[in-house]
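K.L.:
Structure for this input, please:
(chains A, B and C, ligands or ions: 2)
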Amino acid sequence: MKMFRTMAALLILLALLALGGTAGHHMTTTDAFCSSCHAYEKVSWDQGQHPEVGCLDCHTGGFMRDKVQGARKMFLVFTGQRDPHHDRLPSYPEKTQANCKGCHLTETAAVHQPFFLARHEGYMAATGSCMACHESGHVAAVREQRHGRR
Amino acid sequence: EDLDPGEGNAAFRHLPQYQSYLENRDDTRMTEFGGSVPHRKHDDFNPLPKGYKHAQPYLKNLWLGYPFMYHYDRARGHTFALRDVTHTDRVNRYDEHAGLPATCYNCKTNAMPQLLTRYGDDFWAMNFHRFRTVLDPDRHTIGCTNCHDPSDHMRLVITSVPLTEALERQGRDWRQASRDEMRTLVCAQCHVEYYFETGEHGVAAKPHLPWDEGMNPEDIYRFKSAGDPDRDGFSGQFRDWVHAVSKTPMLKAQHPEYEMFHDSVHAQAGVSCADCHMPRVRVGPATITSHHWTSPLKSEAMIRSACLGCHDQLTPAQLRERTEYNQARVWRQLNIAQEKSVRAHEAVRQAMEWPGVDQALLAQAREKVRKGQWFWDYVSAENSAGAHNPVKALDTLASSQQYSDEAVQLAIRATGHAIAESMDRPIGELVPPIREHSRKLQQDPAHLESHPWLGYLPLLPEAELIWDGNQRLR
Amino acid sequence: EDLDPGEGNAAFRHLPQYQSYLENRDDTRMTEFGGSVPHRKHDDFNPLPKGYKHAQPYLKNLWLGYPFMYHYDRARGHTFALRDVTHTDRVNRYDEHAGLPATCYNCKTNAMPQLLTRYGDDFWAMNFHRFRTVLDPDRHTIGCTNCHDPSDHMRLVITSVPLTEALERQGRDWRQASRDEMRTLVCAQCHVEYYFETGEHGVAAKPHLPWDEGMNPEDIYRFKSAGDPDRDGFSGQFRDWVHAVSKTPMLKAQHPEYEMFHDSVHAQAGVSCADCHMPRVRVGPATITSHHWTSPLKSEAMIRSACLGCHDQLTPAQLRERTEYNQARVWRQLNIAQEKSVRAHEAVRQAMEWPGVDQALLAQAREKVRKGQWFWDYVSAENSAGAHNPVKALDTLASSQQYSDEAVQLAIRATGHAIAESMDRPIGELVPPIREHSRKLQQDPAHLESHPWLGYLPLLPEAELIWDGNQRLR
Ligand SMILES: [Ca+2]
Ligand SMILES: [Ca+2]
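P.N.:
Ligands and ions are numbered 1, 2, ... in the order given. You can find the predicted model right below:
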């Protein structure tokens, strides 16, 4: 019964997406939409440092990629190949990181926080990844509960 | 020396991990059975910082004839490693020749790659003193490059030659290891049992990890009973030294944390050293891996960050209580095993002095002395007081007690039971603990007369300290 | 007897819990160290169902002079309890007087309330045989009303008088206990150590739980060394029997599951007996509490339902492996402790026969024999082979070994070391295991000559079996 309801919901979403209407577009870019699959990420985001920043602000690879990926993911879930609540999901930190930089390592920051930028140049030279030191998007301890405790 | 070991840790001083690394400089806090105050591990008669309530009073007796009898302190933070190795009395600072080889630096400095590049396999057996002035106690103590490759975004790497080779012999390559495995393997570079290869069969004084038959006490004991010259770098029975009193060919265990841990319930569950000893901690807006390696029981906050991620069914107080419950039992059996081991040496001593002693039985007795003390040392030298694997620790100590008792029985039998009566006294009366001993004291004939067992040591020629840390005094 | 024990378990046959209760009738499956096949616990020389690879060969030696020497089997399901107590050779079925009192029914039947209402405190010391025909092996074996109040929606209740009183002495009242506590206390009605009060100071043959100084082996030992006549129902040193060979006043431990468990990591985390032994299981559309009390390790499915609710970081295979890892070590030390205890009796025996033995030292030796065997039995009689608290089990066994060794030493000293040599032999040679013994065999003079220790037993008058279960044979 529960299964059936999810499937129905997904079919409707798929239809909306296929139509490509603005309503569908709008609906599929809300945090609530993402959270319908990514509950652990929602909670770990709630407790993170970006309550004001939405999922897609970090997780976007551009409109086309987002839509293609989105459709693919729905297909995977719909056909039971993936369970976003339990499976280990792929992660593309480099892509996300580009968005971090987009917001933080900006011209404005260069002007207002030169030390911040200088230090971070050093940090990045050493580690190459924001996520080495920041769990900014998600609190790792919460997010990892999806995969079992470790 | 024409060697530049480079900027070392200072190169990383701007990273937040370096700030947390500096917390290793706090050597003032103890826990019930662990902690960081470098007191003398046999000293149960002085208060901190010299002694501690949980000490093992017979250590100097058990190691008689081996440098460990001079000096053995509780470990403290990684930032002290180079300081401590250059101050220890185990290394002979009264002579131009150190007695112990340069190989000791293997687990104390981040400059091993440079040293080995420069000297190759000759390095291991070189004079320890030669490098005192080369290595800076802050910049070249254990640090970032022991575990990280700075040219590859600080990826975890293994820089230890002995570990790399031990893994290779098992057909394993750390480059293929998972991130989780690496979070333990970086520690297994140092927190492992080792011995030195002999020049005859291997590379003189090169550290070697004795894992080819397994990591448990009985496995390593078997391994050290019959060395394969090609594979193991020694032949036949390995001996670290011969005990001054009982003339037994002895083995010394050193910090087998990894070996104790490897078949624990935590290891089975995939928990890594770093999970407990390097929890994620907040530093302002950043959340980093703590680089303060110490007891996770030092404070409620530490238990919280180190344990509660997994142990949400227990409170910090319960976790501390349970760990101490295990440690208290291990500690009790550890000290009983220690006393039985002393008794075993004494029985052999008495038997040796018995005219007409049965040499074959005496040899069997020595074999059991060696075995009993090895099993004891596997737990004693391990630094968690059993916390890493209490069930194995207790089983190992029971075996130790049994082997030492058998040694006594064999020694008595070797005298046709003549010494049964003289052995039948409390250990404190039979052999009191040796409370003070050092290289300096061994230059004093009066000191060697102060305890019957000390009489078995040779008098050392009078001499003054030549080296103190990286200072040449004369 | 003019007593109607009622319909008993049959009254509940329509409940789904009753169906799961019937699974207790399966007595065919073993696990590595546990299980339900009622083999002889000393028998390591026959295959199942008579013996088992993990047996303790010296049990009959250690209990010489006490009914346990005749017969001691592995426990099986609750549905067999009444059958087994009426068939055991511990109760004398060759005589009109049973030797053991009616009190034994306390933990075998659901009819205790009726029996006590009818006979009051006289019941405990009555002749066991009187109730053989009163109680039906199916309807009145351990069942629903032992733990439930059917007049109050099957609420959990304590019906055991000894437990109620033991709790009262601690100022506790089970009526105030939480649901979680009750899920353990219902088991503590039976899976506990007990002794019988003496008629002199208490109520003759009434079971009493020795918890007033704590539940650990050293606490109960202290308790039984100095009874307070008013509180404890005995005075001075308690003795279950005097060992036939060493004449030592002995103690018998019985199934101290609750005591072993009470300070385990699971107890600390608030886990109850029922969590592991009565998991929730699906029965068609319903999910009920399983009433099949048995080893949770019998199948992967059982481990899944019993353990995985909490242990989601481990697989069923890992949980089994880890439990067996602990049990294997406990079992090894258990059997070593057993042998040392036998040796201690033998040393006292030899010393006793030595002319001019020092009686004061001999008494000290007996004290250690008693203590060593008590510590051994605390682990031996506990039915989880250490699984309930491996760390305490191992520490207790190490103590047992030490006390028994001290007993030997004292006995040797009591002879001025004269028996040092004759004691210096392997245990198998010194004292072989007694493999066969029973009330019937004890009627045979040839049997009593078949083992040196059996010679210390009196010959029993020839007699035929009078009772078999609830059948009178003659
Ligand atoms: Ca070693
Ligand atoms: Ca008892």
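K.L.:
Can you list the neighbours in contact with the worst-scoring helix or strand of chain B on mean pLDDT?
P.N.:
Least confident helix or strand of chain B, by mean pLDDT, DSSP states H and E, is strand B:280-283 with a mean of 92. Strand B:280-283 has contacts (CB atoms under 8 Å, 6 or more residues apart in numbering or on different chains) with A:135, A:140-141, B:16, B:19-20, B:287-290, B:305. Bear in mind the C-beta positions are built from the backbone N, C-alpha and C, glycine included.
K.L.:
how far out from the middle of the chain is stretch B:22-32?
P.N.:
Distance, stretch centre to chain centre, for stretch B:22-32: 19 Å (CA atoms, centre = their mean, to the nearest Å).
K.L.:
Contacts only, for residue 54.
P.N.:
All of this is about chain A. Residue A:54 makes contacts with A:30-31, as judged by CB under 8 Å, 6+ apart.
K.L.:
wrong chain, I was asking about chain B
P.N.:
Residues in contact with residue B:54 (CB under 8 Å, 6+ apart) are B:32-33, B:44, B:331, B:385.
K.L.:
If we only consider those, which is nearest to chain C?
P.N.:
Checking these against chain C with CB to the nearest CB, the nearest one is residue B:331 at 10.4 Å.
K.L.:
which ones are touching the closest one?
P.N.:
B:33, B:54, B:385-386.
K.L.:
So which of the residues you listed wins on neighbours?
P.N.:
Taking other CB atoms under 10 Å in any protein chain shown as the neighbour criterion, residue B:386 ranks highest of these with 26 neighbours.
K.L.:
What distance do you get for that residue to residue B:131?
P.N.:
The gap separating residue B:386 from residue B:131 is 36 Å, by CB to CB, to the nearest Å.
K.L.:
cool, and residue B:266?
P.N.:
In this view, residue B:266 and residue B:131 are 37 Å apart by CB to CB.
K.L.:
Looking at the two, which is more packed in?
P.N.:
Remark: of residue B:266 and residue B:131, residue B:131 carries more neighbours, 24 against 17, as counted by other CB under 10 Å.
K.L.:
and that one, what are its phi and psi?
P.N.:
Main-chain torsions, residue B:131, degrees, to the nearest 10: phi -110, psi 0.
K.L.:
Residue B:109 too?
P.N.:
With angles defined as degrees, to the nearest 10, residue B:109 sits at phi -140, psi 160.
K.L.:
So which residues on chain B come close to ligand 1?
P.N.:
Selection of chain B residues close to ligand 1 by CB under 5 Å from the ion yields B:195, B:252, B:254.
K.L.:
now, which of these sits nearest residue A:146?
P.N.:
Comparing the residues of chain B next to ligand 1 against residue A:146 with CB to CB places residue B:254 closest, at 41.1 Å.
K.L.:
so which strand or helix has the closest one?
P.N.:
Per DSSP states H and E, residue B:254 falls between elements, in no helix or strand.
K.L.:
Quick check: the gap between residue A:104 and residue B:19.
P.N.:
Taking CB to CB as the measure, residue A:104 falls 21 Å from residue B:19.
K.L.:
I meant to write residue B:124 there.
P.N.:
34 Å.
K.L.:
before we move on, what about residue B:220?
P.N.:
In terms of CB to CB, residue B:220 sits 39 Å off from residue B:19.
K.L.:
what about the two, which has more around it?
P.N.:
residue B:220 (24 against 14).
K.L.:
Identify the residue spatially nearest to the more buried one, adjacent ones excluded.
P.N.:
Nearest non-adjacent residue to residue B:220, counting by CB to CB, 6 or more residues apart in numbering or on different chains: residue B:210, 5.0 Å away.
K.L.:
what's the burial count for the one you found?
P.N.:
Residue B:210: 25 surrounding residues under other CB under 10 Å.
K.L.:
same deal with residue B:301?
P.N.:
10.
K.L.:
does chain A sit close to the helix or strand in which it is found?
P.N.:
Assigned by DSSP H and E, residue B:301 belongs to helix B:300-307. No - Helix B:300-307 lies out of reach of chain A by CB under 8 Å from any CB of the partner chain, never closer than 9.5 Å.
K.L.:
Any chance you could give me that helix in CSV, C-alpha atoms only?
P.N.:
Output of helix B:300-307 as CSV, limited to C-alpha atoms (Å, rounded to 0.1, in the frame of the first residue of the first chain):
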residue,chain,number,x,y,z
GLU,B,300,33.6,13.7,29.5
ALA,B,301,33.9,15.9,26.4
MET,B,302,36.5,13.6,24.9
ILE,B,303,34.5,10.5,25.6
ARG,B,304,31.5,12.2,24.0
SER,B,305,33.3,12.9,20.8
ALA,B,306,35.3,9.7,20.7
CYS,B,307,32.8,7.1,21.8
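K.L.:
from memory residue B:258 sits against residue B:194, does it?
P.N.:
No - using CB atoms under 8 Å, residue B:258 is not in contact with residue B:194; the gap is 10.9 Å.
K.L.:
Looking at the two, which is more packed in?
P.N.:
With neighbours defined as other CB under 10 Å, residue B:258 and residue B:194 compare such that residue B:258 has more, 24 against 21.
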